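Chemist: no FASTA, just this:
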Ligand code: ATP
């Protein structure tokens, strides 16, 4: 259908980039990137109107997103940009070919295009040796200034390398090393760096990518004190296990896996340095404060639990509950990854799977009805009842009333 609308408007339409790459590799990819040789917005809007789909256009960039009813998305880009240099002036039209458009991309493997319209329907366009690089499993930039132009590509290269099981080519790796040496990565804005790190930590095997970043000397651009050593590497490996475990619980809740990895990566640095790393990454002030507070709180609770276990003291479910209830799931998983004690790991897993869902059937309203004067006593009483529930000393409402 995309091709048909292209034919009607007499616009050459191509599927490009990651979609074509994954198609040839036999990998799943739900995002189609479409490039139109001409006015992409006109194309997207015509197509969406025809199908009754939603479309969002960005005039300034000549791009649009078509959203299918099932959430499936098509990104449309124009190889022609039309803009008004001064108000009232005639539009300046800049038309470039598909080839020029593809040349602006990050790696050769992302430069393949398949024609969707016209007589050439289905034809593969490979201007930069992408097919060969897919076969050789090689990540290559298109020109020597690629990383200077956009340093985020350094992280993208690592992400694709690890995800696809490819290898950054020797020449490209040398360009990475050069960009590192020349300090081009210092110029990378915090938000963009954070986005890349988050993308890496959302991949299936973030630890290998982190090792690779470490090997190329990239971690110090987050914070000079972040280095990989045995301890944070161990915690990072454990994060993989605990987040997989958490996934398998099929809870409705989603967790920001990148936060767990980030806490693990920075586990050995001081609170001040952690704050510095968050600042470098332009984490919003609000979220930064929350992260550091959580980190401190989490470490304290971890210490308490480990001390208890080390001393062989008795730990009741209610103890676990009240230790852990103020922590976010991300920090709970971090604690599970960090502890060296199986008992502590079991405490946290018991909390996540059972204890945190325990409630009392008596509420504040019930206490009011019983004629109790409102006040801090309420919390105390309800916590006592909850404690009894958690420890299995109260199984019913009647038990609670007693
Ligand atoms: P995925 O979405 O599965 O991570 P993708 O290849 O679709 O992989 P996107 O980040 O969605 O990656 O980018 C879409 C396309 O835009 C890519 O194929 C790539 O060619 C291009 N692109 C993205 N970021 C850059 C960049 N920093 N420099 C040049 N081209 C880029």
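Modeler: Structure received. Remember, predicted model here, so these are calculated numbers, not experimental data.
Chemist: Check which helices and strands the lengthiest helix in the chain sits against.
Modeler: Assignment by DSSP state H gives helix 285-310 as the longest helix of the chain. Of the remaining helices and strands, those touching helix 285-310 by 3 or more C-beta pairs under 8 Å, 6 or more residues apart in numbering; DSSP states H and E are helix 257-265, helix 271-280, helix 317-324, helix 329-338, helix 342-353. Glycine gets a C-beta too; all of them are placed from N, C-alpha and C.
Chemist: Buried residues of the helix or strand following the longest one, list them for me.
Modeler: This means helix 342-353. Using DSSP states H and E, the helix or strand that follows helix 342-353 towards the C-terminus is helix 364-369. The neighbour-count check on helix 364-369 (16 or more other C-beta atoms under 10 Å) flags 366, 367 as buried.
Chemist: Which strands or helices does helix 364-369 pack on?
Modeler: Right, helix 364-369 is packed against helix 377-390 by 3+ C-beta pairs under 8 Å, 6+ apart.
Chemist: average pLDDT for the next helix or strand after the helix it packs on?
Modeler: For helix 377-390, the following helix or strand on the C-terminal side (DSSP H and E) is helix 397-401. Mean per-residue pLDDT for helix 397-401: 74.
Chemist: what residues are up against residue 276?
Modeler: Neighbouring residues of residue 276 by C-beta atoms under 8 Å, 6 or more residues apart in numbering: residue 223.
Chemist: Which part of this structure gets nearest to the ligand, residue-wise?
Modeler: Going by C-beta to the nearest ligand atom, the ligand is nearest to residue 18 of the chain, at 2.4 Å.
Chemist: in the longest helix of the chain, what's buried?
Modeler: For helix 285-310, using 16+ other C-beta under 10 Å, the buried residues are 288, 291-292, 294-295, 298-299, 301-302, 305-306, 308-309.
Chemist: wait, which of those is closest to residue 29?
Modeler: residue 291 (32.0 Å; C-beta to C-beta).
Chemist: Let me know how buried the closest residue to that closest one other than its chain neighbours is, in neighbour terms.
Modeler: Excluding the flanking residues, the one nearest residue 291 by C-beta to C-beta, 6 or more residues apart in numbering is residue 278, at 6.2 Å. Residue 278: 24 surrounding residues under other C-beta atoms under 10 Å.
Chemist: Next, the contact list for residue 278, please.
Modeler: Contacts of residue 278 by C-beta under 8 Å, 6+ apart are 288, 291, 292.
Chemist: for residue 264, same thing?
Modeler: So residue 264 contacts 232, 235, 236, 238, 239, 334, 337, 338 (C-beta under 8 Å, 6+ apart).
Chemist: can you list these in a markdown table and add neighbour count?
Modeler: Shown next, in a markdown table, are these (neighbours: other C-beta atoms under 10 Å):
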| residue | neighbour count |
| --- | --- |
| 232 | 21 |
| 235 | 22 |
| 236 | 21 |
| 238 | 21 |
| 239 | 26 |
| 334 | 29 |
| 337 | 24 |
| 338 | 23 |
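Chemist: contacts with the ligand among those residues, please.
Modeler: Among these, not one lies near the ligand by C-beta under 6 Å from any ligand atom.
Chemist: what's the closest of the residues you listed to residue 202?
Modeler: residue 239 (12.7 Å).
Chemist: who's residue 34 bridged to?
Modeler: Beta bridges link residue 34 to residue 15, residue 76, judged by DSSP bridges.
Chemist: so it makes contact with residue 78?
Modeler: No. At 10.0 Å, residue 34 does not count as touching residue 78 under the criterion of C-beta atoms under 8 Å.
Chemist: which residues are common contacts for the two?
Modeler: With C-beta under 8 Å, 6+ apart, residue 34 and residue 78 have common neighbours residue 40.
Chemist: Which parts of stretch 272-286 count as buried, going by neighbours?
Modeler: Buried residues in stretch 272-286 (16+ other C-beta under 10 Å): 274, 275, 276, 277, 278, 280, 281, 283.
Chemist: The residue nearest to residue 291 and residue 220: what is the separation?
Modeler: Distance, residue 278 to residue 220, using C-beta to C-beta, to the nearest Å: 16 Å.
Chemist: same question, residue 29
Modeler: 33 Å.
Chemist: for residue 232, same thing?
Modeler: 14 Å.
Chemist: for the chain, what helix or strand is lowest in average pLDDT?
Modeler: Ranked by mean pLDDT, DSSP states H and E, the weakest helix or strand in the chain is strand 91-95, scoring a mean of 54.
Chemist: Pull the number of nearby residues for residue 18.
Modeler: Neighbour tally, residue 18, other C-beta under 10 Å: 18.
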